[in-house]
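**Student:** starting from these lines, generate the structure:
(2 chains)
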Amino acid sequence: MAFIHGKGSVVLLDGDPLSAFANNSGVELSADSHDVTTYGKNSHVFQGGLKAGTTTISGIYDSTASTGPRAVIAPLIGTVVPFTWRPEGSGVGKPQTVVDVLVGKYVETAPVADMITWSCDLQHSDDADLTAQAS
Amino acid sequence: VNLVTLADELAAAADTIAGLRVAATPGEAIRAPALVVGLPRSVEFDQTYGRGSDVVRVVLYLMVGRTSERAGGRAMLGYLSGSGATSIKAAIEGATYTAADVVHVESADAGAISADGVEYLGATFETMIIGRGTG
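**Tutor:** Numbers count the residues shown, from 1 in each chain, chains lettered A, B, ... in the order given. Predicted structure coming up:
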């Protein structure tokens, strides 16, 4: 076991690499919970339901016409595309999350005394594949 | 960010100001009015994933004239201006760079600057540079 730095993280949206423009990302996996408590119990009893997930990515805006965040993400708003997240970077045996996502929101923010930044929110669609990288 | 190229490009940008003697690195003899590109105050690596970008902070040292000569005040105003033929900010930000994507002169502080045992009327210019981590 070892602590891992995040600087080598890899994010791919619809196959396009966004890593060079991103400085934060997070994948949240969750599930519905159903209360199945019956009479006679002293505590709630729960059963798991449908799984769900969301992902957020953010970073520094880049004006590169064909590969920058605006060029890649904005056209995908409202569509479902493949997403790959490799928190430890690329490499055989390293973890990754592969899932289809609905591209729900893309935000650009331009403060007067700082860099333009961007962020996007992704809603997972169907099961996430958590199998480690094979190649 | 290639810091050698960056220092040369910052010096070249300042050198477009008529009459200003410019050095890309400290150590050369000062003949006022002069501007010296300081060594980086900080280099912040890995601002985005995968060596996508770095932030470099550099101080530019302007020496207008010896304080004992009590001259150079009017020239100083031109160097400190945000625009105009002798504006340091305009010259630095108006240049084209290969070693950086963004060069932003954030602030200037006027005062006495000592170099080689001589005190000059001068100013420091805090400059923020963003460039490719692998560039």
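**Student:** give the contact list for residue A:129.
**Tutor:** By C-beta atoms under 8 Å, 6 or more residues apart in numbering or on different chains, residue A:129 lies in contact with A:97-99. All C-beta atoms are positioned from the backbone trio N, CA, C, and that covers glycine.
**Student:** and the helices in the chain?
**Tutor:** Just going to use chain A. With DSSP state H as the criterion, chain A has helices at A:69-73.
**Student:** nope, chain B
**Tutor:** Going by DSSP H, chain B shows helices at B:3-14, B:73-80, B:88-93.
**Student:** and the residue of chain A closest to chain B?
**Tutor:** residue A:20 (3.4 Å; C-beta to the nearest C-beta).
**Student:** so for that residue, what's the nearest residue that isn't a sequence neighbour?
**Tutor:** Closest residue in space to residue A:20, ignoring its immediate chain neighbours: residue B:52 at 3.4 Å, by C-beta to C-beta, 6 or more residues apart in numbering or on different chains.
**Student:** how close does residue B:132 sit to chain A?
**Tutor:** Counting by C-beta to the nearest C-beta, to the nearest Å, the separation of residue B:132 from chain A is 8 Å.
**Student:** dig out what that residue forms beta bridges with.
**Tutor:** Beta bridges link residue B:132 to residue B:53 when assigned by DSSP bridges.
**Student:** the residue of chain B found nearest chain A: what's it in contact with?
**Tutor:** Nearest residue of chain B to chain A: residue B:52, at 3.4 Å (C-beta to the nearest C-beta). Shown in contact with residue B:52 (C-beta under 8 Å, 6+ apart): A:19-23, A:60, B:46, B:132-133.
**Student:** reformat those residues as CSV; add distance to residue B:68, pLDDT and neighbour count.
**Tutor:** Output for the contacts of residue B:52, formatted as CSV (distance: C-beta to C-beta, whole Å; pLDDT from 0 to 100; neighbours: other C-beta atoms under 10 Å in any protein chain shown):
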residue, distance to residue B:68, pLDDT, neighbour count
A:19, 55, 96, 23
A:20, 52, 94, 21
A:21, 52, 95, 27
A:22, 54, 96, 24
A:23, 49, 96, 19
A:60, 46, 94, 22
B:46, 46, 94, 17
B:132, 45, 91, 17
B:133, 46, 91, 17
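**Student:** so where is the chain shaky, pLDDT-wise?
**Tutor:** As the question left the chain open, I've gone with chain A. Within chain A, the set of residues satisfying pLDDT under 70 is empty.
**Student:** hm, I was asking about chain B
**Tutor:** B:70-71.
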